[in-house]
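Asker: need coordinates for the following:
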Amino acid sequence: MIYYPLSRENWSRSVRCFVMAATEVRNKWPYGARGVLLLIAVLAVLVTQGCMRPVETPPEVAQAYSALLASLDASRPGDSVARLQNFATRNAAYPIAQTVAADLTPWRRQLEPAYLKARDLARDGRFDEAQTILVDLAQLQDEPAGRMAREFLSFEFHQLKASQWLVKGDTAAAKAAAGELRNLPLKEGQRASAERLLDSAGLVDSASRMTRTTALQSAARMIQVALHGSFAEEGRYPESFDMASPVLVNLRATGVLGPVARIDDYAVKGDEFSLIVSGADGQRIRVTNAGLDPIPGALQK
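Answerer: Numbers count the residues shown, from 1 in each chain. This is a model prediction of the structure:
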């Protein structure tokens, strides 16, 4: 059985015993120095031995702990540890606090593996799953896994996210991830790194646009050539024309039309034609029998 001499219950009991003991000694012993010393000795023995009683855990506290254990989520070890610690603090005066301390041990063992799992998920590009775990761990102020999670989320997580999107060619996602760093309280070196990431994303985006533009222009030129060829064979341009047109069968087979998302606004009049070729990224080029004209302001991405 565990004793808690500083609990409120024991303190009240000790005061009552002190009064009882003082009354008893006063009735049996004369006043004076010897009586005072003896009074002190008797009271010490009575308070430390005769008056102390073991503190029991109230039934409602035990019931609350059972409910707490049943509600803990294995996928959120950080939250589980935090709730157990809070319960132990609120009920430190009862023997159940030692039970909580013992139950905390296996939960604490899960913290570092959870942190390492989050890092692996981030390396695999599964950033939402990784962030959920890291945020769960970050709430633990006094645990190593909590400290490491907070440090990783403060900069490296967003840096890795932006870098991976950049490598995959998704410059919009890379810019968004790098832009998140601007809202964080970064150190000088970290802020410089974040800006360099944005610079790199901008350069890659410009290069990608140029590549897409060149590819779409090449496809548009080949469409124009195919229509001229049809006119040479048939003596006229087709009455209707779209991506499924028989005139484009060879271009479809060779993959030349890969950059083209659709063909719109086809019109024909005698030996003249006009149409608009659109790319998947929003670029548009007007193709006529006379030439190619990019449409300004059409690029959306």
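
Asker: please make it C-alpha for all contacts and neighbour counts, starting now.
Answerer: Fine.

Asker: what sits closest to Pro256 if chain neighbours are left out?
Answerer: Quick fix: residue 256 is Val, not Pro. Ranked by Cα to Cα, 6 or more residues apart in numbering and with sequence neighbours excluded, the top spatial neighbour of Val256 is Ala219, at 5.9 Å.

Asker: and that neighbour, what is it in contact with?
Answerer: Shown in contact with Ala219 (Cα atoms under 8 Å, 6 or more residues apart in numbering): Val256, Leu257, Pro259, Val260.

Asker: what is the mean pLDDT for the host helix or strand of it?
Answerer: Here Ala219 sits within helix 188-234, counting by DSSP states H and E. If you average the pLDDT over helix 188-234, you get 82.

Asker: tell me the helix or strand right after it.
Answerer: Taking DSSP H and E as the definition, the helix or strand right after helix 188-234 is helix 249-254.

Asker: show me which residues of that following helix are buried.
Answerer: Leu251 (16 or more other Cα atoms under 10 Å).

Asker: next helix or strand past it?
Answerer: Criterion used, DSSP H and E; the element after helix 249-254 is strand 260-269.

Asker: direction included, what does that following strand pair up with?
Answerer: In the sheet, strand 260-269 lines up against strand 272-279 (antiparallel) (DSSP bridges).

Asker: report the buried residues of the strand it pairs with.
Answerer: Of all the residues in strand 272-279, those buried under the rule 16+ other Cα under 10 Å are Phe273, Ser274, Leu275, Ile276, Val277, Ser278, Gly279.

Asker: export the residues you listed to CSV and tack on distance to Tyr237?
Answerer: Formatted as CSV, those follow (distance: Cα to Cα, whole Å):
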residue, distance to Tyr237
Phe273, 7
Ser274, 11
Leu275, 12
Ile276, 16
Val277, 17
Ser278, 21
Gly279, 23
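
Asker: where does the chain have low pLDDT?
Answerer: For the chain, the stretches flagged by pLDDT under 70 are 1-54, 207, 297-301.

Asker: how's this structure carved up into domains?
Answerer: The chain breaks down by automatic domain parsing into domains covering 8-50, 59-109, 111-185, 211-294.

Asker: got JSON lines for those, with distance to Gly202 too?
Answerer: Converted to JSON lines, these look like this (distance: least, Cα to Cα, whole Å):
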{"stretch": "domain 8-50", "distance to Gly202": "66"}
{"stretch": "domain 59-109", "distance to Gly202": "38"}
{"stretch": "domain 111-185", "distance to Gly202": "7"}
{"stretch": "domain 211-294", "distance to Gly202": "14"}
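
Asker: winner for burial among those?
Answerer: With neighbours defined as mean count of other Cα atoms under 10 Å, the domains of the chain peak in mean count at domain 111-185, which reaches a mean of 18.

Asker: what's the span of that domain, first residue to last?
Answerer: End-to-end distance of domain 111-185 (Cα to Cα, to the nearest Å): 26 Å.

Asker: how about the helices in the stretch 51-200 of the chain?
Answerer: 59-71, 77-90, 96-109, 111-123, 127-138, 144-151, 157-167, 171-181, 188-234 (DSSP state H, counting those that start in this stretch).

Asker: and those: which comes nearest Asn289?
Answerer: With Cα to Cα, the closest approach to Asn289 among these belongs to helix 188-234: 6.8 Å.

Asker: hang on, the earlier thing: looking at the helices of the stretch 51-200 of the chain, which is closest to Val268?
Answerer: helix 188-234 (11.0 Å).

Asker: now the angle from the closest one to helix 171-181?
Answerer: 160 degrees (axes from the mean of the first three to the mean of the last three Cα atoms, to 10 degrees).

Asker: which ones are touching the residue lying closest to Gln190 once chain neighbours are set aside?
Answerer: For Gln190, ignoring the flanking residues on the chain, the nearest one in space by Cα to Cα, 6+ apart is Phe155 at 7.4 Å. Residues in contact with Phe155 (Cα under 8 Å, 6+ apart) are Leu181, Leu184, Leu186, Gln190.

Asker: can you pull the contacts of the residue nearest in space to the middle of the chain?
Answerer: The centre of the chain sits closest to Gln131, judged by Cα atoms, centre = their mean, with a distance of 2.1 Å. The contact partners of Gln131, by Cα under 8 Å, 6+ apart, come to Ala118, Leu153.

Asker: ok, the one 3 residues further on next?
Answerer: Under the criterion of Cα under 8 Å, 6+ apart, the neighbours of Leu134 are Tyr115, Ala118, Ala149, Arg150, Leu153.

Asker: which of those lies closest to Pro238?
Answerer: Once Cα to Cα is applied, the member of the contacts of Leu134 that ends up nearest Pro238 is Ala118, at 58.3 Å.
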